[in-house]
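Enquirer: Sequence and predicted structure are below.
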Amino acid sequence: MNTNRANELGLREGDVVKIETNGRSVQALLYPNPALPPNVVSVPIGQGHQVGSTMLQKATTAKTQIFSVF
């Protein structure tokens, strides 16, 4: 999430946030990133690695299951 947007929402690095779309959700640790646009949430998925991001290792659902298909 964009750093400024996280600050506006009172969120800090390491906070647990719920990302929800299409009736599915995943909880993840927040890592503010000033390079992201203000209204974008980015979820690292591992880029070919089996485990993916350490931030999502304890997710309650597979992280790719929350993605929309366009």
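Expert: Yes, it's here.
Enquirer: Worst mean pLDDT across the helices and strands of the chain, which element?
Expert: In the chain, the helix or strand scored least confidently by mean pLDDT, DSSP states H and E is strand 24-29, which has a mean of 86.
Enquirer: Output the contacting helices and strands for that one.
Expert: If contacts are counted by 3 or more Cβ pairs under 8 Å, 6 or more residues apart in numbering; DSSP states H and E, strand 24-29 sits against strand 16-21. For every residue, glycine as well, the C-beta is placed using N, CA and C.
Enquirer: Counting neighbours, which bits of the strand it packs on end up buried?
Expert: By 16 or more other Cβ atoms under 10 Å, the buried positions in strand 16-21 come out as 17, 19.
Enquirer: Quick one: work out the angle between that strand and strand 24-29.
Expert: Using axes from the mean of the first three to the mean of the last three Cα atoms, to 10 degrees, the direction of strand 16-21 lies 150 degrees away from that of strand 24-29.
Enquirer: To which secondary structure element type does residue 7 belong?
Expert: The local conformation at residue 7, judged by DSSP: H, G, I helix; E, B strand; the rest coil, is helix.
Enquirer: check contacts around it.
Expert: Counting by Cβ atoms under 8 Å, 6 or more residues apart in numbering, residue 7 touches residue 32.
Enquirer: Roughly how far does it sit from residue 23?
Expert: Separation of residue 7 from residue 23 (Cβ to Cβ, to the nearest Å) stands at 29 Å.
Enquirer: Run a quick neighbour tally on the residue nearest to residue 5 when sequence neighbours are not counted.
Expert: Nearest residue to residue 5, sequence neighbours excluded (Cβ to Cβ, 6 or more residues apart in numbering): residue 38, at 4.9 Å. Residue 38 has 11 neighbouring residues, counting by other Cβ atoms under 10 Å.
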